[in-house]
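**Student:** next one to model:
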Amino acid sequence: MAGNVLGSRDGSRSAGARRLADSTPPEAGRRGRGSTSNPTGRFEAAQREVFHDPDWMADDPAPLRTQVTPERSTRIIARNTSPDIPFDRSINPYRGCEHGCIYCYARPTHAFLGLSPGLDFESRIFAKPDAARLLLRELAAPGYSPDTIALGTATDPYQPAERTHRITRAVLEVLRDARHPVGITTKSDLVLRDLDLLAEMAADNLALVAISLPTLDPALARRLDPRAPRPEKRLAAMARLSEAGVPVMVNLSPIIPGLTDHEIESILALAREHGASRIGHALLRLPGEVADLMADWFAEHYPERQARAFALLRQARGGRENDPRFGHRFRGEGAYAAMIGQRVRLAGTRLGYGFGRMALNRDVFRKPGAQLVLF
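**Tutor:** Got it, this is the predicted structure:
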């Protein structure tokens, strides 16, 4: 039986208990999840441990269940000034992401909520039910000037919770009515549910959908992003979107050294066959706790590849596992990073891709009427 205890910093625990990891349930309790551990958040004063005590019940623990909690916000459009990012505003309808992508650079944000960037990030989800109302108010504010809103930059706007909560759909309806440009990033074919809105917006050059596809290997995908749709479903979504006139970007992200980097050309070729017309790509990033989570994941699933993967990553990150500097954090530097960039450019050019996000239409924006802000 597994249980949570508050442990002291000297690591003391009950006699006979076998430590698994900080706050990490046994494998049976985390089956179908991305992270192999659930380390205590870095801002917490007490450390938690999960242990298996042979003197207790020997039954496997119940599977970890996802909890979705409403979160009230005062604003919904987030702003950034990063020179690495081709947009200055974004909306994330959810915090945390059930897709469970082990490499997700947003994982460390869960520590600000007093939760773990590990399993908590993919099982403790916070939904923003007021997103559409807040967006309507912000678009109607005096002085608001339209530009592309990126939807789903940190967590997926079409993760499983969206089937029930429909927050992303409500946001898109506001943007459609205001004729406001939007770029969506997702791994899910649930985006096809909103094809009616997206096709209508795309007809006026108001919408772009980027679908992330780091691997074509279904077995690897089940471990990298276990609750995201399979690669073939993502490819099928690209085709449906493209057929409906919605521009599609294949987001080759992240490129993981020694694990997925050999797939660059095959992913780009197959995505092109399924209607993708633009490319985005980024080298694996390991900010904050993601470095340890990724190391634990490699140790459990691909121990024979771990040393090479991290060695190549350090080559591209100035000898470190993560380089947060503007201009370097997405692409890296050095011979390995340059080789990856060259392969993407050569394959993309040969296949007829455009690079980066396309310019969307800002000239047809209709500021919501003052009377609508009341609803």
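**Student:** from here on, just use CA atoms for contacts and neighbour counts.
**Tutor:** Noted.
**Student:** can you list the low-confidence ranges for the chain?
**Tutor:** Where the chain drops to pLDDT under 70, the residues are 1-29, 43-61, 83-84, 326-329, 370-375.
**Student:** can you tell me which strand in it is longest?
**Tutor:** When the chain is parsed with DSSP state E, its longest strand is strand 248-255.
**Student:** can you classify Arg350 as helix, strand or coil?
**Tutor:** Assigned state for Arg350: helix (three-state reduction, DSSP: H, G, I helix; E, B strand; the rest coil).
**Student:** what sits against the one residue sitting closest to the centre of the chain?
**Tutor:** The chain has Thr155 as the residue nearest its centroid, 4.4 Å off, counting by C-alpha atoms, centre = their mean. Contact analysis of Thr155 by C-alpha atoms under 8 Å, 6 or more residues apart in numbering lists Asn92, Tyr94, Arg95, Gly96, Cys97, Ala106.
**Student:** so which strand or helix has it?
**Tutor:** Assigned by DSSP states H and E, Thr155 falls within no helix or strand.
**Student:** for Gly183, same thing?
**Tutor:** Here Gly183 sits within strand 182-186, counting by DSSP H and E.
**Student:** who touches that strand?
**Tutor:** Residues from elsewhere that reach strand 182-186, judged by C-alpha under 8 Å, 6+ apart: 148-153, 156-158, 175, 206-212, 360.
**Student:** all strands for this protein, in order.
**Tutor:** Using DSSP E, strands in the chain cover 2-7, 18-21, 47-52, 67-70, 78-79, 89-91, 94-95, 124-127, 149-151, 182-186, 207-212, 248-255, 278-283, 354-355.
**Student:** which strands and helices sit next to the fourth one?
**Tutor:** Spelled out, it's strand 67-70. Contact analysis of strand 67-70 by 3 or more C-alpha pairs under 8 Å, 6 or more residues apart in numbering; DSSP states H and E lists strand 124-127 as its packing neighbours.
**Student:** and this protein, split by domain according to the record?
**Tutor:** Using automatic domain parsing, the domains assigned to the chain come out as 2-52, 67-355.
**Student:** pick the most buried one from those.
**Tutor:** Comparing these by mean neighbour count (mean count of other C-alpha atoms under 10 Å), domain 67-355 ranks first with a mean of 19.
**Student:** what's the span of that domain from first residue to last?
**Tutor:** Its start and end residues considered, domain 67-355 measures 38 Å (C-alpha to C-alpha, to the nearest Å).
**Student:** ditto for stretch 319-336
**Tutor:** The first residue of stretch 319-336 is 12 Å away from its last residue (C-alpha to C-alpha).
**Student:** got a list of contacts for it?
**Tutor:** Contacting residues not belonging to stretch 319-336 are listed as 82-84, 282-287, 291, 310, 312-318, 337, 341 [C-alpha under 8 Å, 6+ apart].
**Student:** swap in 10 Å and give it another go.
**Tutor:** 82-85, 253-255, 257, 281-288, 290-291, 310-318, 337-342 (C-alpha atoms under 10 Å, 6 or more residues apart in numbering).
**Student:** sort out for me which of those residues are in helices.
**Tutor:** Here DSSP state H is the test, and those give 290-291, 310-316, 337-342 as lying in helices.
**Student:** columns distance to Pro368 on top of the domains of the chain, output as CSV?
**Tutor:** Output for the domains of the chain, formatted as CSV (distance: least, C-alpha to C-alpha, whole Å):
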stretch, distance to Pro368
domain 2-52, 41
domain 67-355, 5
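**Student:** and these: which comes nearest Lys367?
**Tutor:** domain 67-355 (5.5 Å; C-alpha to C-alpha).
**Student:** what sits against the closest residue in space to Leu213 that isn't next to it in sequence?
**Tutor:** Excluding the flanking residues, the one nearest Leu213 by C-alpha to C-alpha, 6 or more residues apart in numbering is Leu252, at 5.6 Å. Leu252 is in contact with 210-215, 260-261, 263-264, 267-268, 279-283, 344, counting by C-alpha under 10 Å, 6+ apart.
**Student:** ok, 6 Å please
**Tutor:** Contact partners of Leu252, counting by C-alpha atoms under 6 Å, 6 or more residues apart in numbering, are Leu213, Pro214, Gly280, His281.
**Student:** which of the residues you listed lies closest to Leu136?
**Tutor:** Taking these together and measuring to Leu136 by C-alpha to C-alpha, the closest member is Gly280, at 29.5 Å.
**Student:** so the residue nearest to Leu213 bridges to which residues?
**Tutor:** Beta-bridge pairing of Leu252 under DSSP bridges involves His281.
**Student:** what about it, distance to Arg230?
**Tutor:** Relative to Arg230, Leu252 is positioned 15 Å away (C-alpha to C-alpha).
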